[in-house]
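Colleague: Sharing a model prediction with you, sequence too.
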Amino acid sequence: MPQKRATKSTSFRLTKIKLDALVDEATVDAHDEDEQRMGFFTMIQDNLGVPFETIVLGAPVVVEKVDLNKRDEIVAICVRGRERQAVPIVDLPLPSPPPKGVEWIEAYRHWACGGQGDE
């Protein structure tokens, strides 16, 4: 499997205005933080181009899908051989070039770090 460079930030930069617009789109009908997180989960699940390869702790993995763990965190299900690991999407190193729909991960990271504008 060829090694792909993975970084925590994507090879493109989204402006704060674009990130705020994506946050607004994902959370438009949400009344609390749990509903907002579910809005992001839906947008990531619907738009992220999976499967894709990336590097986690120096090892190549395939991100098969996104899911929720028992703490309701959005996680990437990473597979290597017969091993599976759920990695919080906010911590997932992304490959270069990034997969389709990665802007939703970036918007979620922006929201999770308190970066949204008008709340």
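Modeller: Perfect, I can see it now.

Colleague: residue ranges of the helices in the protein, please?
Modeller: With DSSP state H as the criterion, the chain has helices at 16-27, 33-47, 102-112.

Colleague: out of those, deepest packed?
Modeller: Compared across the helices of the chain, helix 102-112 shows the largest average neighbour count, a mean of 21 (mean count of other C-beta atoms under 10 Å). No exception for glycine: its C-beta is placed from N, CA and C like everyone else's.

Colleague: any idea which strand is longest in the chain?
Modeller: strand 59-68 (DSSP state E).

Colleague: Stretch 30-43: how far from the chain's middle?
Modeller: Its chain's C-alpha centre and that of stretch 30-43 lie 14 Å apart, by C-alpha atoms, centre = their mean, to the nearest Å.

Colleague: Just the CA coordinates for it, please, in PDB.
Modeller: Extracted in PDB, the C-alpha atoms of stretch 30-43 (Å, rounded to 0.1, in the frame of the first residue of the first chain):
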ATOM      1  CA  ALA A  30     -30.600  22.000  16.200                       C
ATOM      2  CA  HIS A  31     -31.800  23.200  19.600                       C
ATOM      3  CA  ASP A  32     -28.900  22.000  21.700                       C
ATOM      4  CA  GLU A  33     -25.300  20.700  21.500                       C
ATOM      5  CA  ASP A  34     -26.300  17.100  21.000                       C
ATOM      6  CA  GLU A  35     -28.600  18.000  18.100                       C
ATOM      7  CA  GLN A  36     -25.900  20.100  16.600                       C
ATOM      8  CA  ARG A  37     -23.400  17.200  16.800                       C
ATOM      9  CA  MET A  38     -26.000  14.900  15.100                       C
ATOM     10  CA  GLY A  39     -26.300  17.500  12.400                       C
ATOM     11  CA  PHE A  40     -22.600  17.300  11.800                       C
ATOM     12  CA  PHE A  41     -22.700  13.500  11.900                       C
ATOM     13  CA  THR A  42     -25.300  13.500   9.200                       C
ATOM     14  CA  MET A  43     -23.400  15.900   7.000                       C
END
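
Colleague: Fine by me, thanks again.
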